[in-house]
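Novice: sharing a model prediction with you, sequence too.
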Amino acid sequence: MVHGICGNYLFEPETGEEVMMNDVRFLRAPTLFQKFYDAGARVGIVTAKDKLRALLGAGLKFDEDRARCFSAEKSDTTTVAEHGQDAASKWLDMAQPDVYSAELSEFVFAAGVKLLREWNPDVLYLTTTDYVQHKYAPDDGEAKAFYQMFDRYLGELDALGAAIVITADHGMKPKHLADGRPAVVYVQDLLDEWLGEAAARLILPITDPYVVHHGALGSFATAYLPKGADQANIIARLQTTDGITHVLTRAEAVEQFELPQDRIGDIVLVSGENTCIGTSEHRHDLAALNEPLRSHGGLTEQVVPFIVNRVLDLPERPVLRNFDAFYYATRAAAL
């Protein structure tokens, strides 16, 4: 992986600590936004959660003319020096929204429309929160209301002449039993039973501070095994565990999933469409999950929409990945 970011959360063996991967020091390549900026483009970035802001804004020099990068989550306290925008909530005339709300994403869209209308950026990146998708199925009223709001703002951006690409970082699937309880394989508990308590360490890259979204339960995990452990035996036992669909060595995962080998464990696990992977049962606070769990991280959540508001003349149907959005946005803008 070129940029080095392989999740929200990782284990650093050299320090023995588990940390959020939202520090600029984890980047191993300049961002596309920095490249646009260095080429003279005016760059605007609005995020829902503040955890993305520093990474996306890396390499930009903020001012009101060339670069703006702020989050809805911290919109009351933005400054020109740090974000390129003073008091974003006041500027937009919208209150800072609650992080667990559809309004967090609406703030992003509203800010994008205002930036495009008044500031005319060359590149505008709007990234929302998946709170609604974690909480509600696609046909639920709350989900439909969210997409109606989304569509309204897209219409405004289109009317302003923007070349738009809409895509996502992942899909979402129900991860619960028939009675509504989360369907979880607690792999740390299994490793403790097989190898001794805390001898192995399971890392869930979905982990972040927003536990109401998903309770830190997703369909991808990586495990660090103790020295001398029988890796082949552990892999074989995990492969026969209900709900686990893939168990790969580090080398296999690097090759198949394009992961940075020094930021994953000895083995990588993926669970199925309706199952999540957890650490130990007592470590997951599920009290905030008022609706049946919906989450992501596995291969069954890999296919996402890719929508462009221009007709592109392509010689053949391309094999698309979500990061191709930037390439096709420039193609669309050229039209």
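Specialist: The structure has been received and is ready for your questions. Numbers count the residues shown, from 1 in each chain.
Novice: may I see the buried residues of stretch 88-101?
Specialist: Neighbour counts over stretch 88-101 (16 or more other Cβ atoms under 10 Å) mark 88, 89, 91, 92, 94, 96, 97, 99, 100 as buried. For every residue, glycine as well, the C-beta is placed using N, CA and C.
Novice: same question, stretch 222-239
Specialist: 222, 223, 224, 225, 229, 234, 235, 238.
Novice: what comes into contact with it?
Specialist: Identification of contacts with stretch 222-239 by Cβ atoms under 8 Å, 6 or more residues apart in numbering yields 11, 13, 187, 190-191, 194-196, 199-203, 205, 244, 247, 249, 253, 264-269.
Novice: run the last query once more with 7 Å
Specialist: Outside stretch 222-239, the residues that touch it by Cβ atoms under 7 Å, 6 or more residues apart in numbering are 11, 187, 191, 194-195, 199-203, 244, 247, 264-269.
Novice: before we move on, back to that, can you name the two of the buried residues of stretch 88-101 that sit furthest apart?
Specialist: 91 and 100 (23.5 Å; Cβ to Cβ).
Novice: show me which of the contacts of stretch 222-239 are buried.
Specialist: 11, 187, 191, 195, 200-203, 244, 247, 264-269.
Novice: where do the helices of the stretch 101-250 of the chain begin and end?
Specialist: All helices of the stretch 101-250 of the chain, identified by DSSP state H, counting those that start in this stretch, fall at 103-118, 131-135, 141-159, 187-195, 211-214, 231-239, 250-257.
Novice: wait, which of those helices is closest to residue 3?
Specialist: Of those, nearest to residue 3 by Cβ to Cβ is helix 250-257, at 14.4 Å.
Novice: got a list of contacts for the closest one?
Specialist: 248, 259, 261, 264, 265, 266, 267, 268.
Novice: can you check stretch 270-284 too?
Specialist: Contacts of stretch 270-284 (Cβ under 7 Å, 6+ apart): 173-175, 182-189, 202, 204, 215-221, 243-246, 269, 293, 295, 298-300.
Novice: for residue 143, see how far away the residue nearest to residue 264 when sequence neighbours are not counted is.
Specialist: In space, and not counting its chain neighbours, residue 264 is closest to residue 222: 4.6 Å by Cβ to Cβ, 6 or more residues apart in numbering. Distance of residue 222 to residue 143, computed by Cβ to Cβ, to the nearest Å: 31 Å.
Novice: same check on residue 231?
Specialist: Taking Cβ to Cβ, one finds residue 231 at 42 Å from residue 143.
Novice: distance between the ends of stretch 38-45?
Specialist: Length of stretch 38-45, first residue to last, Cα to Cα, to the nearest Å: 15 Å.
Novice: tell me the buried residues in it?
Specialist: 42, 43, 44, 45.
Novice: assign the last one to helix, strand or coil.
Specialist: Under DSSP: H, G, I helix; E, B strand; the rest coil, residue 45 falls in the strand class.
Novice: can you pull out the low-pLDDT segments for the stretch 201-335 of the chain?
Specialist: 211-214, 288 (pLDDT under 70).
Novice: which stretches of it form strands?
Specialist: 201-203, 220-224, 244-249, 267-271, 276-278, 294-295, 306-308 (DSSP state E, counting those that start in this stretch).
Novice: now the third one - C-alpha only, CSV.
Specialist: Okay, so that is strand 244-249. The C-alpha coordinates for strand 244-249 follow below in CSV (Å, rounded to 0.1, in the frame of the first residue of the first chain):
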residue,chain,number,x,y,z
ILE,A,244,-14.9,-16.8,9.7
THR,A,245,-14.5,-17.0,6.0
HIS,A,246,-10.8,-16.2,5.4
VAL,A,247,-7.7,-16.7,7.5
LEU,A,248,-4.5,-15.6,5.8
THR,A,249,-0.8,-15.3,6.7
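Novice: tell me the angle it makes with strand 267-271.
Specialist: Between strand 244-249 and strand 267-271, the angle formed by their directions is 170 degrees, by axes from the mean of the first three to the mean of the last three Cα atoms, to 10 degrees.
Novice: identify the residues contacting strand 244-249?
Specialist: Contacting residues not belonging to strand 244-249 are listed as 185, 235, 238, 239, 256, 267, 268, 269, 270, 271, 272 [Cβ under 7 Å, 6+ apart].
Novice: of these, which pair is most distant in space?
Specialist: It's 185 and 256 that sit farthest apart of these, by Cβ to Cβ, at 20.5 Å.
Novice: between these two, who's got more neighbours?
Specialist: Between residue 185 and residue 256, residue 185 has the larger neighbour count (other Cβ atoms under 10 Å), namely 20 against 12.
Novice: how about the contacts of helix 250-257 in JSON lines, adding distance to residue 286?
Specialist: Below are the contacts of helix 250-257 laid out as JSON lines (distance: Cβ to Cβ, whole Å):
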{"residue": "248", "distance to residue 286": "28"}
{"residue": "259", "distance to residue 286": "28"}
{"residue": "261", "distance to residue 286": "33"}
{"residue": "264", "distance to residue 286": "26"}
{"residue": "265", "distance to residue 286": "24"}
{"residue": "266", "distance to residue 286": "28"}
{"residue": "267", "distance to residue 286": "25"}
{"residue": "268", "distance to residue 286": "24"}
